[in-house]
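In: structure for this input, please:
(4 chains)
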Amino acid sequence: MTVIGIGLIRMRNLFAVVMLSGIYSLLAAFLYVIMDAVDVAFTEAAVGAGIATVLMLATLALTGTQEKPSRHTNLLSIAIVTVTGAALVYGTLDMPEYGDPDAPIHHHVVPRYMNDSAHEVGPPNVVTSVLASYRGFDTLGEVTVIFTAAVGVIALIGRIRRRRSLNHDARLNERWADTMSSKPVLRVLTKLIIPLIMLFALYVQFHGDYGPGGGFQAGVIFASALILYGLIFGIDTARRAVPEWMTRLGLALGVLMYAGTGVAGLVMGGNFLNYSVLAHDHLHGQHWGIFTIELGVGITVAAAMVTIFFTFARLLPVDPNDEKRS
Amino acid sequence: MIHAISLGIFLSLFWLLLSGYFKALLLILGLISVGIAVVVALRMEVIDHEGHPVHLTLRGTWFWPWLTWEIIKANLDVAKVILDPKLPIQRLVFRVKAGQSDELGHVVYANAITLTPGTVSIDVNDGEITVHALTRGAAEGLANGEMDRRATALVDGPGALPKDRAGDRTGGTG
Amino acid sequence: MFAAATAALLVVTGLAMIRALAGPTVFDRILAVNTVGTLTVMLIAVYGFLSGRPEFLDIALVYALINFIATLAVTKYTKYSSLGAPGDHDGRSEP
Amino acid sequence: MDTLFDVLSWICIVLGSVTCLIGAIGLLRLPDVFARMHGAGMIDTMGMGMILLGLMFQAGPTLVTVKLIFIVVFIVFTSPTATHALARAALQGGVEPQVDGELEDSSSAGPGGDGAP
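Out: Sure, this is the predicted structure:
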């Protein structure tokens, strides 16, 4: 992994960097597996395997492949990075060894999470109860961040397209359609596998209680299916199947579902994001609460990923000839 | 429509095998999920005889074991070449005709070519597949047409090429 | 024995990484990344058995399903931005 | 019976690991992209298949085996497609496949689909 890291820094060709970071992410997922952090590994797998590379490429297509050769070495930034890195390493020296049962974290909240979550919250997968219930506020914050990111992308570059010439658009579409959907091999496989990916995403969504997974991973996987469709059949075809209003609605709906669950808790006489009051039996309340917010997370994440990809990919590719002319 | 229904059945099976939980709530959720997947797939227009080739499953019972055996033979051949200190490769690029009647057939054939190490399909164009082969033996094994016949029998039915069935016994040099 | 298989797979991953770092063309790197993807599926599956927790298979399943999307995206990208000059020496000048 | 499955399983896993190693050596030794694809193909087909088959023997007739079968099926479908896409992109990206000889069509032609373009 270190080798890959150094290789990443040394490489000037951003395209090769994208490829290598793909490997980095694969290895990271495997490391998480070794450390038994199944849910984290799942996230890394879902994000790293498809979406991250695709989004980076979409960005690359907007910016160009070669890193700008910097004229001056920025001593200040190097110094800051070195100092921060040293501080972090120094910090880890004090940390208990991996898996040390005497580590402070094992004395405070972890025992409660591990021992009590089964009857306080319910789901057999402890990570789900921690994220969705004990740390409900944090997760709501994360979802809002994703929501904001997608809204930002729409606001910033969603409009650029209108300034481009129709001619450019037509040629672009032609090239999109021409290159991919006419390849029978890719077309057949895509048709074959898209329903499977979608169903698998929903499976991950609804089994977050029992195994690794949950809303975030499910959203990413579902978005992968739509992105694959967009890649092979062209953005415009994909937009016809999944119109823009749908993703934007999903984006907002997800956050609303999450926050709404919290408010519902308030209304019914509990604290914000306290699900126990949602039903007569507090375990059922927790269950439904977690279920709803996970669904909210999934919808938001999927909608955000799809929005970002489609917004970027519409601009793709920057045709050098066009730029010279305009 | 038939394809949509069979896709739904297939996806339900997929869900049950993945899940392994038979609680009422999860079964209902599974049903909803299958519904969502089928509806989105319908909107995408990916359900047709290409996207959901259910008619191939039965005939596939003859094709897959044969292909697996071919893959194992091809693996041994390539392994020998790679481990040989002299690295005796003879790279060839050539075209084969795909005798299948539609593009789905060409795809099956092309993927079968790629799956056997030693040959990779690099282009599919109007019933002709451009193939890159690592050794002459692999190329000749493909060119004798056995795999083409098998794939045709898979896609178009065994009746499509009645007179060629006699040639099946010749076998590939693989 | 699972440990031995894990070790062998790690060695294979290392070899593939050498190819990814060495190049020389972009396509070599893509090939290597794709191979590492398949290897990761196997690693996760084998390690799941090594540690006696086969539920890791869900993660392997994710990779099996969507790893190739990245490869497709990359091949598509190479077709676009390197219409003039392929490979590492991308001929596009900085604007 | 258990020992039989154990032995079978180990044979498969060892075979698979060895195949993967050979494939990786091929990935390093072979001279150009198109040739290297054959090495990678070994890992994707027999290496993967054998190792996961070995795991199936370990798991026995459970849902774990079913998931393993799913993984094998998905990789069998996706890997040739990815390889094909890559080969096509490399071809159109300007990498000329080096050729060491010609295939004479007439001598090797079978009765049905011969190689004549």
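
In: the longest helix anywhere in chain D: which residues count as buried?
Out: The longest helix of chain D (DSSP state H) is helix D:63-92. For helix D:63-92, a neighbour-count test (16 or more other C-beta atoms under 10 Å in any protein chain shown) marks D:64-68, D:70-72, D:74-92 as buried. From N, CA and C alone the C-beta is placed, and that goes for glycine too.

In: just the pLDDT for residue 39.
Out: All of this refers to chain A. pLDDT, A:D39: 69.

In: nope, chain C
Out: Value for C:L39, per-residue pLDDT: 87.

In: mind listing the helices for chain C?
Out: Ranges of helices in chain C, per DSSP H, are C:2-22, C:26-50, C:57-81.

In: who in chain D is up against chain A?
Out: For chain D, the contact set with chain A under C-beta under 8 Å from any C-beta of the partner chain comprises D:74, D:77-78, D:80-81, D:84-85, D:88.

In: put the alpha carbons of stretch B:92-100 into PDB.
Out: Taking C-alpha atoms only, stretch B:92-100 is exported to PDB below (Å, rounded to 0.1, in the frame of the first residue of the first chain):
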ATOM      1  CA  LEU B  92      -1.700 -14.200 -34.200                       C
ATOM      2  CA  VAL B  93      -4.500 -11.900 -35.100                       C
ATOM      3  CA  PHE B  94      -7.200 -13.400 -37.300                       C
ATOM      4  CA  ARG B  95     -10.900 -13.300 -38.000                       C
ATOM      5  CA  VAL B  96     -13.400 -16.000 -37.500                       C
ATOM      6  CA  LYS B  97     -17.000 -16.100 -38.800                       C
ATOM      7  CA  ALA B  98     -19.700 -16.300 -36.200                       C
ATOM      8  CA  GLY B  99     -22.300 -18.600 -37.600                       C
ATOM      9  CA  GLN B 100     -25.000 -17.500 -35.100                       C
END
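
In: count of neighbours near B:Y109?
Out: 27 (other C-beta atoms under 10 Å in any protein chain shown).

In: and if you look at the one 10 residues further on?
Out: Counted with other C-beta under 10 Å, residues neighbouring B:T119 total 31.

In: tell me the bridge partners for it.
Out: Residues in a beta bridge with B:T119, per DSSP bridges, are B:A133.

In: hmm, it is touching B:T135, no?
Out: No: using C-beta atoms under 8 Å, B:T119 is not in contact with B:T135, being 9.3 Å away.

In: my guess is B:V131 is in a strand, correct?
Out: Yes: membership of B:V131 in a strand is supported by DSSP: H, G, I helix; E, B strand; the rest coil.

In: give me the pLDDT for it.
Out: B:V131 is given a pLDDT of 83.

In: can you check A:H119 too?
Out: pLDDT at A:H119 comes out at 55.

In: and the two most separated of the residues of chain D next to chain A?
Out: For these, the farthest-apart pair by C-beta to C-beta is D:F74 and D:R88; their separation is 21.3 Å.

In: coming back round to it: filter the residues of chain D next to chain A down to the ones near chain B?
Out: Near chain B, by the rule C-beta under 8 Å from any C-beta, you find D:77, D:80-81, D:84, D:88 out of the residues of chain D next to chain A.

In: tell me the spacing between B:G141 and B:Y109.
Out: 14 Å (C-beta to C-beta, to the nearest Å).

In: now do the contacts for A:A149.
Out: Contacts for A:A149 (C-beta atoms under 8 Å, 6 or more residues apart in numbering or on different chains) come out as A:304, A:308.

In: so it lies in a helix, does it not?
Out: Yes: the assignment for A:A149 (three-state DSSP) places it in a helix.

In: can you classify B:Q100 as helix, strand or coil?
Out: Going by three-state DSSP: B:Q100 is coil.

In: D:A82 and A:Q217, how far apart?
Out: For D:A82, the distance to A:Q217 equals 22 Å [C-beta to C-beta].

In: ditto for A:R248
Out: Taking C-beta to C-beta, one finds A:R248 at 22 Å from A:Q217.

In: compare these two (neighbour count), which wins?
Out: A:Q217 (27 against 15).

In: can I take it that the more buried one is in a helix?
Out: Yes: counting by three-state DSSP, one finds A:Q217 located in a helix.

In: nearest residue to it other than its sequence neighbours?
Out: When the adjacent residues along the chain are set aside, A:Q217 lies closest to A:A46, with 4.5 Å between them (C-beta to C-beta, 6 or more residues apart in numbering or on different chains).

In: count residues in the vicinity of that neighbour, would you?
Out: If you count neighbours by other C-beta under 10 Å, A:A46 ends up with 30.

In: which residues touch it?
Out: For A:A46, the contacting residues are A:216-217, A:220-221, A:224, C:62, C:66, by C-beta under 8 Å, 6+ apart.

In: what values do phi and psi take at the residue lying closest to D:L63 once chain neighbours are set aside?
Out: Leaving aside its chain neighbours, D:L63 sits nearest to B:G20 (4.6 Å; criterion: C-beta to C-beta, 6+ apart). Dihedral pair for B:G20: phi 80, psi 0, per degrees, to the nearest 10.

In: break chain B down into its structural domains.
Out: For chain B, automatic domain parsing gives the domain ranges B:2-44, B:58-170.

In: tell me which of those sits most buried.
Out: Greatest average neighbour count among the domains of chain B goes to domain B:58-170 (a mean of 20), per mean count of other C-beta atoms under 10 Å in any protein chain shown.

In: can you give me how far that one is from the chain middle?
Out: 10 Å (C-alpha atoms, centre = their mean, to the nearest Å).

In: before we move on, what about stretch D:48-65?
Out: The answer for stretch D:48-65 is 18 Å, by C-alpha atoms, centre = their mean.

In: would you mark the buried spots in that stretch?
Out: Those would be D:48-59, D:64-65, for stretch D:48-65 by 16+ other C-beta under 10 Å.

In: same deal with stretch C:18-37?
Out: C:19-21, C:23, C:25-37.

In: how about stretch B:66-76 and chain D, touching?
Out: Yes: judged by C-beta under 8 Å from any C-beta, stretch B:66-76 comes into contact with chain D at B:68, B:71-72, B:75.
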